[in-house]
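**Q** below are the sequence and a predicted model; questions follow.
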Amino acid sequence: LDWEVGLSAGQLDRSLQQITTEGITFETLFSCKDMSQLDVEVTAKLIILDGVEYIYASARDITKSKRLEDRIALEQTFVSNLIDHTNAVIAVINSDGTMIRLNEYGQIFTGYAQEEVSSEPYFWYRFLDHRSKEQVIELFQSGVKSGEITRSFRNEWRGKDGSSQMFEWSNSLIYKTDGS
């Protein structure tokens, strides 16, 4: 195996000089005899025995986990693009009532930027028409508490500019991997 196939000898020497008795961990590429390359995590530590300095290093193959990270990043980009570029309002509200995501269409629809809507819990309360505020809040809170979802509900949403539009919405619950 060859270390740092992308580094010159001088760059490799400088990297090796950074290794201390505390040890360091870094990621790099290993080049195998068959010319394939592996992503590896290297843990290296300076060891002094009888006044002579040695570098102890071990490498762990992280190729599969790096590919998985790349796949997850690609999926996240794909989902973000779908959410941001759909011609419908998509809002994500966490259990404390903070709208943590409002897609571009929703920002145009309401006139509020993402930073504004996520600045405080229930900021979105100001979108609601006075006739439906309590009912919408009740629907939201019962969804959080009991898992009850709303298939279809219509109410007016008021934009930042004071205009109002009829808005039909539904909700779904998204759980964390631990089920909460």
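**A** Now that the structure is in, tell me what you want to look at.

**Q** quick one, helices of this structure?
**A** For the chain, the helices defined by DSSP state H occupy 9-17, 63-85, 104-110, 114-117, 133-146.

**Q** who are the packing partners of the third one?
**A** It refers to helix 104-110. The criterion is 3 or more C-beta pairs under 8 Å, 6 or more residues apart in numbering; DSSP states H and E, and the helices and strands that helix 104-110 contacts are helix 114-117. Heads up, the C-betas are built off the backbone N, CA and C, glycines and all.

**Q** circling back: for Tyr175, which of the helices of the chain is the nearest?
**A** With C-beta to C-beta as the criterion, Tyr175 lies closest to helix 133-146 of those, at 11.6 Å.

**Q** ok, and what's touching the closest one?
**A** Helix 133-146 has contacts (C-beta atoms under 8 Å, 6 or more residues apart in numbering) with 93, 95, 97, 122, 125, 128, 148-150, 153, 155, 171, 173.

**Q** ranking those residues by neighbours, who comes first?
**A** For the contacts of helix 133-146, neighbours were counted using other C-beta atoms under 10 Å, and Ile93 has the most, 21 neighbours in all.

**Q** quick check: nearest residue in space to that residue, chain neighbours excluded?
**A** Met99 (5.0 Å; C-beta to C-beta, 6 or more residues apart in numbering).

**Q** likewise for Phe153?
**A** Trp169 (5.8 Å).

**Q** remind me, longest strand of this structure?
**A** Identified as the longest strand of the chain according to DSSP state E is strand 37-49.

**Q** separation between the residue nearest the centre of the chain and Ile83?
**A** The centroid of the chain falls nearest to Gln76 when counting by C-alpha atoms, centre = their mean (7.4 Å). Per C-beta to C-beta, to the nearest Å, Gln76 is found 11 Å from Ile83.
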